[in-house]
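Chemist: coords please:
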Amino acid sequence: MACAEHHSSRRQPFFLPTYRRILLLILTMCLALAPVLGASAENTHSDLTSAEASNSVLVRFHASALAGGDLSSTDKQLIASAGGGHVLASLGAPGAYRIGLRSGFTAAEVAAALSLDPAVVYAEPDQVIQLEDSVAGYQAATDSRPSDWDLSAIDAHRAWNLGDGTGVVVAVLDTGVSATHPDLAGRVLSGWNVLANSDNTTDDAGHGTFVAGLIGGHDAGGAASGVAPGVSILPVKILDSSGTGSTASFVAGINYAVQAGARIINISASGTTDSPALDDALTNAEAHGVLVVASAGNDASEATLYPAAASTVLAVTATDVNNALASFSSYGPSIDLAAPGVNITSSWWNAEKGNSYMTASGSSASAPLVSGAAAIVAGLQPAASAAKLREILTESAQDIGAPGIDAQTGFGLVDAYAAARIAVVPVDPAAATIGSVQADDGWHLRLTASGFDAGEPLIIWTDSGAGYRLTRDLRAADDGTLNVDLGLEWRVPQGALSAYAVGLNSGHAVKAEMTIDPAPVAEPFKPLPSRASTSDRLYFPETGHTLAYGFKDFWQANGGLAVFGYPISEEFSEKNPDTGETYTVQYFERNRFEYHPELAGTPWEVSLGRLGVQDASQVYPTAPAVNVDGVRYFAETQHTLSGSFRDFWEANGGVAVFGYPISEPFDEGGLLVQYFERSRFEYHPDLPSGSRVLLTRLGTMLARENGYLH
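Modeler: So this is what the prediction gives:
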């Protein structure tokens with residue numbers, strides 16, 4: 001049997017609805033473990049065994065509170081006064097520990113008391129992670145690998161022409177790895193067993209060996225059986241032979257993998273809790289350029305789990321041979337990618353047969369396929385950040401569900417070849433031409449080139465520095481030329497733009513470059529000569545435009561520059577696309593103001609355009625109605641608002657300024673975003689606290705779409 005991955009919540013802990021912050025953390029390992037789960041085995045007693053979980057607390061102190069990198073006498077006194085006992089183990093990060101309890105105190109009491117002290121970053125009860133039954137059952141065990149349909153589905157074979165992950169270390173946080181398996185021999189590094197505090201990472205359950213084989217295994221004949229056959233596997237044992245671990249073992253495992261030089265971390269297991277300690281470890285991985293990939297779950301419901309639900313983690317759901325969502329797979333707005341997860345064969349180990357093979361189903365099989373593709377990309381771009389790796393993998397995915405990002409398959413099916421193709425900068429590409437061509441609906445970008453084989457398939461992508469856009473299903477003309485419309489220019493961010501095309505048969509590569517620098521076309525958008533500001537009319541030299549009267553009052557009262565940006569036009573008359581009525585309007589970097597004289601004296605006298613509705617690429621999945629602290633549910637649109645986005649929304653005008661939410665928060669281009677009727681919020685964790693929520697430059701985008709800027 002295999003175990004289920006149960007309900008979770010949103011991607012970012014600070015947006016986590018509190019009604020889902022449950023105490024029990026239930027491990028999920030989506031593959032069949034029937035041969036080993038019934039075996040009796042005692043946990044090796046160490047400071048990170050699950051046996052200690054119910055009687056321990058995870059705590060981290062700020063660096064300024066430590067003495068020489070260790071607990072100070074003041075820290076120890078604080079622990080004792082809160083009811084804590086001795087330190088059981090380090091969690092692998094400065095100031096982070098698992099501590100015991102003094103007699104008469106509960107973990108919840110001690111954590112609550114410690115959390116009140118400003119020297120403490122976080123304090124929380126540790127939680128047991130325990131396997132449970134799953135709808136994804138035991139399939140079969142064989143002595144060889146009968147199928148590699150999964151590799152064909154993600155185009156791994158062609159990706160090997162560009163790279164195989166050589167030099168990349170992928171950490172497998174699991175039940176251990178059998179280093180003697182023929183598919184893995186010579187590829188498994190010395191790792192760490194966080195449960196036993198030793199370097200014995202022998203797999204005593206089989207699941208970790210299965211995962212490792214899908215990432216980087218070879219079969220006995222030397223042919224690749226994993227996605228990235230050149231990688232090195234770093235085994236990190238965080239689960240015992242019964243499939244049990246704890247929050248502490250997850251945290252310590254992630255921190256160890258980062259310190260040991262892993263580039264990719266695969267976690268084919270998950271739980272249901274909002275853990276500050278786990279989020280802290282994931283933030284540490286991101287800061288060190290380490291990409292974390294995790295399985296989404298097998299609940300056949302909208303139930304993505306942590307760590308998959310964290311914004312910096314690639315959440316992977318399972319698909320079948322028809323590229324449809326697997327019947328058992330979890331889904332939801334936090335899904336990033338899909339990968340094969342039905343009848344997948346890989347290396348295996350159990351006590352009866354030793355090293356063997358297994359065919360099984362579950363998103364635990366899907367995650368390592370993505371980790372393998374990530375390793376290929378990382379090998380081709382050694383300096384890429386974790387965010388850049390996520391971007392390449394998501395933007396190159398094949399859209400297999402509803403058009404655009406959807407709740408079932410995210411950005412789509414991972415495409416190892418397309419991702420690798422984007423990651424490889426073509427060597428000495430031939431010159432191509434890219435330019436702007438005016439059409440009925442605005443200015444379009446057109447790419448022209450030559451030198452391809454007649455009719456050969458092509459892959460084309462653009463790189464703006466702020467994301468990739470990939471075009472599929474194109475072919476060269478019979479004379480080997482290319483002449484393709486790349487879409488509306490206004491959809492491309494301002495700045496330098498590179499366009500590439502590669503022939504899939506000939507390997508012929510071309511490159512063209514241009515700068516997207518919208519120039520004003522319409523008269524109201526042309527900058528005015530420099531002038532002094534007055535009490536009635538402000539002049540902004542940054543854009544050469546002014547702001548006056550009712551628009552100025554609204555701008556100043558509702559966040560000003562931080563919320564709306566600079567004005568990019570003067571006032572002029574424009575027809576509202578929703579009502580057909582003509583109003584006085586003014587464009588700003590992040591929105592458009594409309595003056596409604598019929599609403600004079602009300603909060604809606606100056607209103608924002610419904611730019612969020614216009615920009616949203618789809619109707620987003622709705623959220624269930626809730627009535628809990630920290631979460632606002634809006635029946636008008638059936639969406640919720642919480643955390644930092646709620647704080648910003650409420651502090652800067654709420655529904656009168658931004659309208660109702662029309663999506664849940666989700667990952668887009670490496671940022672957590674949420675759409676509202678009149679805007680789109682972005683969360684930038686790298687900015688100072690209090691300044692992390694920004695609005696997308698929808699005003700500039702709309703002005704370009706309407707042909708006011710070229």
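Chemist: who's in contact with the spatially closest residue to Ile662 that is not a sequence neighbour?
Modeler: Spatial nearest neighbour of Ile662, excluding adjacent residues (CB to CB, 6 or more residues apart in numbering): Tyr675 at 4.9 Å. All C-beta atoms are positioned from the backbone trio N, CA, C, and that covers glycine. For Tyr675, the contacting residues are Gly612, Asp615, Ala616, Tyr620, Pro661, Ile662, Ser663, by CB atoms under 8 Å, 6 or more residues apart in numbering.
Chemist: Asp647 too?
Modeler: Val693.
Chemist: A helix includes it, no?
Modeler: Yes: under DSSP: H, G, I helix; E, B strand; the rest coil, Asp647 sits within a helix.
Chemist: Distance check, it against Glu677.
Modeler: 19 Å (CB to CB, to the nearest Å).
Chemist: returning to that earlier point: how much space separates the residue nearest to Ile662 from Leu641?
Modeler: 12 Å.
Chemist: Now the longest helix along the chain - C-alpha only, PDB.
Modeler: In the chain, assigned by DSSP state H, the helix with the most residues is helix 363-380. What follows is helix 363-380, C-alpha atoms only, in PDB (Å, rounded to 0.1, in the frame of the first residue of the first chain):
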ATOM      1  CA  SER A 363       2.600  12.000  -7.000                       C
ATOM      2  CA  SER A 364       5.700  10.700  -5.100                       C
ATOM      3  CA  ALA A 365       6.700   9.400  -8.500                       C
ATOM      4  CA  SER A 366       5.900  12.700 -10.200                       C
ATOM      5  CA  ALA A 367       8.100  14.900  -8.100                       C
ATOM      6  CA  PRO A 368      11.400  13.200  -8.800                       C
ATOM      7  CA  LEU A 369      10.700  13.400 -12.600                       C
ATOM      8  CA  VAL A 370      10.600  17.200 -12.100                       C
ATOM      9  CA  SER A 371      13.700  17.100  -9.800                       C
ATOM     10  CA  GLY A 372      15.500  15.300 -12.600                       C
ATOM     11  CA  ALA A 373      14.500  17.900 -15.200                       C
ATOM     12  CA  ALA A 374      15.600  20.600 -12.700                       C
ATOM     13  CA  ALA A 375      19.000  19.000 -12.300                       C
ATOM     14  CA  ILE A 376      19.500  19.000 -16.100                       C
ATOM     15  CA  VAL A 377      18.700  22.800 -16.200                       C
ATOM     16  CA  ALA A 378      20.900  23.400 -13.200                       C
ATOM     17  CA  GLY A 379      23.800  21.600 -14.900                       C
ATOM     18  CA  LEU A 380      23.400  23.900 -17.900                       C
END
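Chemist: Show me how far that helix is from its chain's centre.
Modeler: 14 Å (CA atoms, centre = their mean, to the nearest Å).
Chemist: buried stuff in it?
Modeler: Buried residues in helix 363-380, defined by neighbour count with 16 or more other CB atoms under 10 Å: 363-380.
Chemist: could you give the mean pLDDT of that helix?
Modeler: For helix 363-380, the per-residue pLDDT values average out at 96.
Chemist: What segments of the stretch 601-710 of the chain are strands?
Modeler: Under the criterion DSSP state E, counting those that start in this stretch, the stretch 601-710 of the chain contains strands at 606-608, 631-634, 639-642, 666-668, 671-676, 679-683, 693-695.
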